[in-house]
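J.: All I have is the shape, not the residue letters:
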């Protein structure tokens, strides 16, 4: 099935390859760049050149690429590429070009056990532990950037540092002790579209309950969800219930008790994995309300006012909030004016993609913040292009 | 100590000087450690091995270290073993001598007490890929398949497949496939079972082109005992192996409906798997199993909606794209089921453009009376998107929805607003759509023309948009006040206009304008014809200008009736893809065909295709009935478009220019007078046949008008000589498909099959080889007993003339139905006689 596998850096350098000729990597990278340079948007994750199918997945600034000549399931290969990236991350702790180069022997060992003659053998971190013997060389996690959305909300000060889950799951602590920790993250992506009057047009949440386990002995774990959780329109459990459109589960999850009391049982596989994905379109109150006002102040000038209001409880803080706004392509310069007393705010005008960014280090529940930006254009926006 | 092996020739490398000294250093260090038993020696060896592999990875030739590497690897340290095997595997391919030296210690390691080492050594041994050494593989592989450790068995099964690819005969002679079959049905480890399934499918597929036994064995993989055995263990398999099993199940033909429901109930929970590949593979099973049960099939669509939408939104953008492509295919087949879910297809600002494009297509597909307003409102927001390709696609989507006749008033208003946005790409896209709208809704011309008239032609640069504007200027010149003068200024810039499409439209538009407002247009017409005839190097432009000139010379009123006849509104724009192709893509659900939107034969090399890539399931019969209905609107399209033939170079923008040219080259044939035979089965494959029959008439008319003088034979030869066929005829599936679509049916007949032939047709393969011996090649075959379906082709000896055949055989009634198409139709009867003779001999000794 899979002919070749390779990992490329953003510059197209070959970091890892298996059963590959260099020409293939170059052909692929040229095509991806060509796609972008000709304003055709992003190269699709799978395309065909001269009878060879190229699949690619982006992860941590790297391109994981596989090729086939036969007609295969695109979903399977793309999912496999993602899984390979995740397994390697489980082993190295941190996934980036540096850790790859330092651990290339280990990576080759993993790849040999994951794929044999193009056929997938296993992607289970737990199973691989009995096949793989190289020890990872760890990268200093302190150099990693802070975690993304998962760390944005927190209550109080009781939390582990964001770098806690960047350890390898297969190494032992100094002194030979095994860690007895498990991390459960609930990550929700909220998409809301407002109209110019501030009304919500569409809103939806895509959530993932993610686990990363360092426990020994694979104990059974029970995860209890809301008893009044409903799934789909036909499964109604009373007013005020949380209604999910649909959800899916990792294969290690047993659903025997789920229908009765919404409890999930699982025998914990090692490594990082999504226990459950869910999707909901039930109307909800979004955590932030945003208003944007644009005024023309001259033929070459305009002023933008952005107001952000945190609509959640005052005992909760949002950390590392970033507000982005696209600006006209002929914007030449932006001057920012922060509200008096603003602390921990940063502003930036990204010339490359004509976008303003407003960073707020900490937003308390119930608070409101305002940014004014004065735009200077390189030509009048009334001119015909 | 044995002398080091002779050094192989080094490939030139810019880093050779430094590499050379480093290789020497590594060599001496390895030699020192080779016999060492000191504590920590293994750690030192590991470091050295890593350096060797690092050098190997960046292209430095370290093959001279072979002897030292082998000596150092006489250890129980598995890390060292793995690195040594990695090293050996890399160099064995290009160095048979080194490979031979490797055999001894790999064979020894295959008997090691540690199963991990046994497995690793076996995998390395099988990866050497040196044909001369296959005899050394048979013993270890045989032992590996019987090993008590599942890891070794797992490796051994894939090893058999590797052996098959190195030396087919060695693998078959050792009877390894039979051993794999035994393991498939008995091994307790599911990954071993999965590997057996992969290996057997590949071996028996490749082998079945030369072996009937292999073809039969391949069919047993689809037997009820095998399928049920695998299904009952499906949860034990890894998610990847589950996909493999599900793909097999999707080809299984249950014997009754209770089997169908049993399978679906067993697999119901696979739809809630987090791995999108498992979900799609399960969906394929559900769709294939219920294809012949219309009501249940619809229920399946309802059931799979939610899991698919969840996969789209929860996965990565790449996985989202793959799932969305399949969702797109389903939406196109059953838009009404998804029409209430249109909000799921709204674009999110940070999605990659490849996802957005798909979503725009799906919004177009699900639009109906109740949701069009909201969808169009959403699409109009995207038109202001900073992502210009997406903005263009959004405007096109609005236009497509307008052509679907829902809420046309509001949509027309929006399209006209686009024209006033004063962004060049928005204006361009909107102009093309307004032109299409006018062809379908002439009653809107007043409103559209009022806005279009305000657009300066200088602000329209894109060829397609400029052509659309010119078309409107010509078509509605009586209503557009300054049409003659705009056209005149465009003609004055003839030499600077690089697009032939624009110049062709300009010629036609000026002619139309001349017929309506002759005094104001005469000068422009003269200039256009002069430019086209005298200085234009584009053949089409030149020929059209000359044609128009001669028409005008002959008679102005005749010219007007030819160039600008009364027209009917275009009711349906031709579909860009035949329903046959769409059905084939559906059959190949959960494969790249869905993402590429092409059947696999269009993008897969011949040797990487399965033998029965064209397999038709019985369920397709019901689909074909629908396909037959679509012939009528298609013909209507043709009839209406014919009136526009001389007005525009592109009757339908979606039509393939290549096939458009081919249509005109078709031989003269009146389809309505074709002899018709009543058929028990509807024409399953190509409902668009009727279209081709009418195009040749137009083609001949054009030839006459151009005054071209072709010698025409007025009498057929009284008795043509016997037909000889080329035994080495070649035709690729794409070309076959195209020819089949273009050529009319020249003969349609029914034959009886001999009882021996019926008996011999247990597998289609026997018939293929029989016909091949009569110089008739099979390009596709499929179906299930008692209905088999074949597509054959043949070629005249010493000529390029081709014959195409659709052959449906019913083994219970012992009858075959034949449809023949031919480049040279006068010889169709002779070919039919030959074909019938060959077919009637099938099964006879």
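T.: Sure thing, it's come through. From a predicted model like this one, the values you see are computed outputs, not experimental measurements.
J.: Skipping adjacent residues, who's closest to residue B:604 in space?
T.: With C-beta to C-beta, 6 or more residues apart in numbering or on different chains as the criterion, residue B:604 has its nearest non-adjacent residue at 5.5 Å, and that residue is residue A:71. Where you see a C-beta, it was placed from the backbone N, CA and C, and this is true even at glycine.
J.: shouldn't the one you found be in contact with residue B:593?
T.: Yes - counting by C-beta atoms under 8 Å, residue B:593 is a contact partner of residue A:71 at 6.4 Å.
J.: So which of these two has more stuff around it?
T.: Each of residue A:71 and residue B:593 has its neighbours counted (other C-beta atoms under 10 Å in any protein chain shown); residue B:593 has more, 25 against 21.
J.: Which helix or which strand is home to that one?
T.: Using DSSP states H and E, residue B:593 sits within helix B:592-596.
J.: can you tell me if that helix touches chain A.
T.: Yes - applying C-beta under 8 Å from any C-beta of the partner chain, one finds helix B:592-596 touching chain A at B:592-596.
J.: Over that helix, what's the mean pLDDT, rounded is fine.
T.: Helix B:592-596 comes out with an average pLDDT of 88.
J.: residues in contact with that helix?
T.: With C-beta atoms under 8 Å, 6 or more residues apart in numbering or on different chains as the test, helix B:592-596 has contacts from A:44, A:46, A:48, A:53, A:71-72, A:74, B:321-322, B:325-326, B:329, B:584-585, B:588, B:599-600, B:602-603.
J.: Name the nearest residue to residue B:515, ignoring sequence neighbours.
T.: Excluding the flanking residues, the one nearest residue B:515 by C-beta to C-beta, 6+ apart is residue B:560, at 4.5 Å.
J.: how close does that neighbour get to residue B:389?
T.: Applying C-beta to C-beta, to the nearest Å, the value for residue B:560 to residue B:389 is 42 Å.
J.: One more: residue A:248?
T.: Noted for residue A:248: a distance of 32 Å to residue B:389, by C-beta to C-beta.
J.: give me the number of residues near residue B:800?
T.: Residues near residue B:800, counting by other C-beta under 10 Å, number 10.
J.: If you could redo that for residue B:457, that was the one I meant.
T.: Using other C-beta under 10 Å, residue B:457 has 15 other residues around it.
J.: Surely it touches residue B:468?
T.: No - Residue B:457 is beyond contact range of residue B:468, at 11.3 Å (criterion: C-beta under 8 Å).
J.: from memory residue B:439 sits against residue B:569, does it?
T.: Yes - the pair residue B:439 / residue B:569 is scored as a contact, 6.9 Å apart, by C-beta under 8 Å.
J.: Which one's more surrounded, the two?
T.: Comparing residue B:439 with residue B:569 by other C-beta under 10 Å, the one with more neighbours is residue B:439, at 20 against 11.
J.: any idea which helix or strand carries that one?
T.: helix B:424-440.
J.: quick one: contacts of that helix?
T.: With contact meaning C-beta under 8 Å, 6+ apart, helix B:424-440 is reached by A:385, B:383, B:388, B:391-392, B:395-396, B:398-399, B:402-403, B:412, B:415-416, B:418-419, B:421, B:444-445, B:448, B:452, B:455, B:459-462, B:464-465, B:468-469, B:471-472, B:475-476, B:569-571, B:573, B:644.
J.: What is the helix or strand following that helix packed up against?
T.: As assigned by DSSP H and E, the chain's next helix or strand after helix B:424-440 is helix B:445-452. Other elements packing on helix B:445-452 under the criterion 3 or more C-beta pairs under 8 Å, 6 or more residues apart in numbering or on different chains; DSSP states H and E are helix B:408-419, helix B:424-440, helix B:463-475.
J.: Name the residues of the second one that come out as buried.
T.: Neighbour counts using 16 or more other C-beta atoms under 10 Å in any protein chain shown place B:425-440 of helix B:424-440 among the buried residues.
J.: ok, now the first one?
T.: Buried residues in helix B:408-419, defined by neighbour count with 16+ other C-beta under 10 Å: B:408, B:411-412, B:414-416, B:418-419.
J.: ditto for stretch A:367-380
T.: Going by neighbour count (16+ other C-beta under 10 Å), the buried part of stretch A:367-380 is A:369, A:371, A:373, A:375, A:377.
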